[in-house]
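*Asks:* fold the stuff below for me.
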Amino acid sequence: LIFDTEDYDTDGMHDLVVDPDRITIKTAGTYLIVFHGHFAPNATGYRRCYIYRTTRVIAETRKDAQALTWTCFDLSTIYQCTVGEYLRIRVRQNSGAPLNFERASHYTPFFMAQRIG
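*Replies:* Take a look at the predicted model:
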């Protein structure tokens, strides 16, 4: 997913132009990593969400499709990160057709990493 807005970034970890799909770790430490987002309604298949640390999955979840409402994800983990590693979100679905990841007002996906130690 591409994240083209920021609420705040005190360590310069996200760039809106270069690699806007990632958070790059600038200070080593333990991080709370959080993602929230919604797939559009569709009754077929399942939805998956992954948090990657560089090329490795560090958290994932799977949900069955919801016919009448969004399929919502709240995924978080605490992970030890080193300088230069980056975090990304990947989502997948198997409805058999393209399916929007909702983005409107308070339904906009968010992704964050906060150093906690």
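*Asks:* for the residue of the chain most remote from its centre, give me its contacts.
*Replies:* For the chain, the C-alpha lying farthest from the average C-alpha position belongs to Leu68; by Cα atoms, centre = their mean, that distance is 23.1 Å. Going by Cβ atoms under 8 Å, 6 or more residues apart in numbering, Leu68 touches Pro41. (Each C-beta comes from the backbone N, C-alpha and C, glycine too.)
*Asks:* if we use 10 Å, what do you get?
*Replies:* Contacts for Leu68 were tallied using Cβ atoms under 10 Å, 6 or more residues apart in numbering; they are 41, 43.
*Asks:* cool, and Tyr52?
*Replies:* Taking Cβ under 10 Å, 6+ apart, one finds 22, 58-60, 85-90 in contact with Tyr52.
*Asks:* in ChimeraX, select just the buried ones from those residues.
*Replies:* Those of the contacts of Tyr52 that meet the burial criterion (16 or more other Cβ atoms under 10 Å) are gathered into one ChimeraX selection, given here:
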select :22,59,85,86,87,88,89
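*Asks:* pick the one among the contacts of Tyr52 closest to Thr77.
*Replies:* Distance from Thr77 was checked for each of the contacts of Tyr52 by Cβ to Cβ. The minimum falls on Ala59, at 4.0 Å.
*Asks:* my guess is that closest one meets Tyr31, correct?
*Replies:* No. No contact is recorded between Ala59 and Tyr31 when judged using Cβ atoms under 10 Å, the distance being 11.8 Å.
*Asks:* mutual contacts of the two, please.
*Replies:* In the contact map built from Cβ under 10 Å, 6+ apart, the residues linked to both Ala59 and Tyr31 are 53, 77-79.
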